[in-house]
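Trainee: heads up, no residue letters with this:
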């Protein structure tokens, strides 16, 4: 695409150090499956006036991951013109905007937890609200101080308040739990 757009100078940023060194010819390519790709890349980059390769560790490559995700869902237009993509950087991660603190400072499941512990309702609620709490409590399980929600497959999901949810999201999005893990392992770590 860069050649079609008459780009003469190119900066390639990658998080796979081995591949960058192989394409530059600094290291030998031993994997026979990747050899055709490396040869093609070496042929293509000779067509540029200037090309530079830069390695960026995966942990610092969030922006490239986001761009790759966007590129994978946008269909490439038939014309050689691609509209400019405007990107604005936010002060905090997007997931921080989705965890709302409880207005009364109590966890969202507080009324259900009190009902399961003591069979008591909050003060000044209607009979309809009492019925709702009682009906919802059937889907929850209380083990000492930990509250769990039963799933259809008889699993248990731990209930967390807004503060703990924010910490878990930060851990997951910072890949503190490990890079590129599958959903099952990630769920076990969170739970």
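Mentor: Sure, I can see it. Predicted model, so just to flag it, every value in this text is computed and none were measured.

Trainee: give the contact list for the residue nearest to residue 9 when sequence neighbours are not counted.
Mentor: Nearest residue to residue 9, sequence neighbours excluded (CB to CB, 6 or more residues apart in numbering): residue 50, at 4.4 Å. Quick note: C-beta positions are derived from backbone N, CA and C, even for glycine. For residue 50, the contact set (CB atoms under 8 Å, 6 or more residues apart in numbering) comprises 8, 9, 10.

Trainee: what about residue 50, distance to residue 11?
Mentor: According to CB to CB, to the nearest Å, residue 50 and residue 11 sit 9 Å apart.

Trainee: tell me the mean pLDDT over stretch 162-170?
Mentor: The pLDDT scores in stretch 162-170 average 78.

Trainee: From the chain's centroid, how far away is it?
Mentor: Chain-centre distance of stretch 162-170: 14 Å, with CA atoms, centre = their mean, to the nearest Å.

Trainee: tell me which residues of that stretch are tucked away?
Mentor: 165, 166, 168, 169 (16 or more other CB atoms under 10 Å).

Trainee: Which parts of this protein are helices?
Mentor: For the chain, helices defined by DSSP state H occupy the ranges 17-23, 35-45, 62-73, 110-118, 127-137, 162-173, 183-190.

Trainee: Distance to residue 147 added to those, as JSON lines?
Mentor: Below are these laid out as JSON lines (distance: least, CB to CB, whole Å):
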{"stretch": "helix 17-23", "distance to residue 147": "45"}
{"stretch": "helix 35-45", "distance to residue 147": "51"}
{"stretch": "helix 62-73", "distance to residue 147": "33"}
{"stretch": "helix 110-118", "distance to residue 147": "5"}
{"stretch": "helix 127-137", "distance to residue 147": "10"}
{"stretch": "helix 162-173", "distance to residue 147": "12"}
{"stretch": "helix 183-190", "distance to residue 147": "15"}
